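A.B. asks: pasting a predicted model and its sequence here:
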Amino acid sequence: MTKLSVNINKIATIRNARGGYTPSVVEAAINCQRFGADGITIHPRQDERHITNNDVFDIKPIINAEYNIEGYPSEEFIKMVIAVKPEQVTLVPDGPDVITSCAGWDTIKFQDYLKEIISVFKKNGIRTSIFVDPRIDMIEGAKKCGTDRIELYTEEYATQYIIDKKKAISPYIEAAHKATELGLGINAGHDLSLENLEYFSKEIPDLAEVSIGHALISDALYLGLENTIQMYKRLL
């Protein structure tokens, strides 16, 4: 079954809006795992507008599933990830001024750059994944970078799903087949929701993991965190 990693950035956003320690991201991570999440994802940014550097270290000891840290590979980020040693690091191309991830890596243009960074993480025993658009050339480029997995950027799928779901999923199926052919693991994330997740997971072969934050935490406001996680799990 495809694993569900819950991104808890939005919990930190609520906490930071007022300051202090409520709601607790550590407690959120504990409960997400207790309610069935297969992993916890965080995306620390340089301005610490949601997850802080302290959060990254505070969460590590309570992880009993999988810890996935995603972010732009700045020098500070690389040092932090190596110090924490999560099970997986997911590299995204967006810098500090970007509100949320909005594109995958150009794995051809940045191939040497990514190859060097990925080699550092792999030497430290950390599985690597890189954010990519569903394009064959980008998948092939990812393989040459030496990454263990790719994370398919699914915003376009989510946007087009309500218009024509077969057309929306088509490039992702092709990309997934190419990734499997090349021996790359497949993750996916961005705007996956209760509405569109089931179709995506059924159509994408060898989908190892989805990372979901905004939609899941938003649903939890109305449906409850435990119930929401179980609803997402059932779709997988």
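C.D. replies: That came through fine.
A.B. asks: can you classify the residue nearest the centre of the chain by secondary structure?
C.D. replies: Central residue of the chain (Cα atoms, centre = their mean): residue 211, 4.3 Å from the mean position. The three-state label for residue 211, taken from DSSP: H, G, I helix; E, B strand; the rest coil, comes out as strand.
A.B. asks: for it, give me its contacts.
C.D. replies: 5, 6, 7, 39, 41, 68, 70, 90, 151, 187, 188, 189 (Cβ atoms under 8 Å, 6 or more residues apart in numbering). For every residue, glycine as well, the C-beta is placed using N, CA and C.
A.B. asks: got JSON lines for these, with distance to residue 129 and secondary structure too?
C.D. replies: Written out in JSON lines, the entries for the contacts of residue 211 read as follows (distance: Cβ to Cβ, whole Å; DSSP: H, G, I helix; E, B strand; the rest coil):
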{"residue": "5", "distance to residue 129": "11", "secondary structure": "strand"}
{"residue": "6", "distance to residue 129": "16", "secondary structure": "strand"}
{"residue": "7", "distance to residue 129": "14", "secondary structure": "strand"}
{"residue": "39", "distance to residue 129": "12", "secondary structure": "strand"}
{"residue": "41", "distance to residue 129": "11", "secondary structure": "strand"}
{"residue": "68", "distance to residue 129": "8", "secondary structure": "strand"}
{"residue": "70", "distance to residue 129": "8", "secondary structure": "strand"}
{"residue": "90", "distance to residue 129": "4", "secondary structure": "strand"}
{"residue": "151", "distance to residue 129": "5", "secondary structure": "strand"}
{"residue": "187", "distance to residue 129": "5", "secondary structure": "strand"}
{"residue": "188", "distance to residue 129": "10", "secondary structure": "strand"}
{"residue": "189", "distance to residue 129": "10", "secondary structure": "strand"}
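A.B. asks: could you dump those residues to TSV with neighbour count and pLDDT?
C.D. replies: As requested, the contacts of residue 211 are exported to TSV (neighbours: other Cβ atoms under 10 Å; pLDDT from 0 to 100):
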residue	neighbour count	pLDDT
5	26	98
6	31	98
7	25	98
39	23	98
41	29	98
68	27	98
70	27	96
90	26	98
151	30	98
187	26	98
188	26	98
189	25	97
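A.B. asks: mind putting these into CSV with distance to residue 77?
C.D. replies: Rendered in CSV, the data for those read as follows (distance: Cβ to Cβ, whole Å):
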residue, distance to residue 77
5, 18
6, 21
7, 16
39, 19
41, 15
68, 14
70, 10
90, 11
151, 16
187, 19
188, 22
189, 18
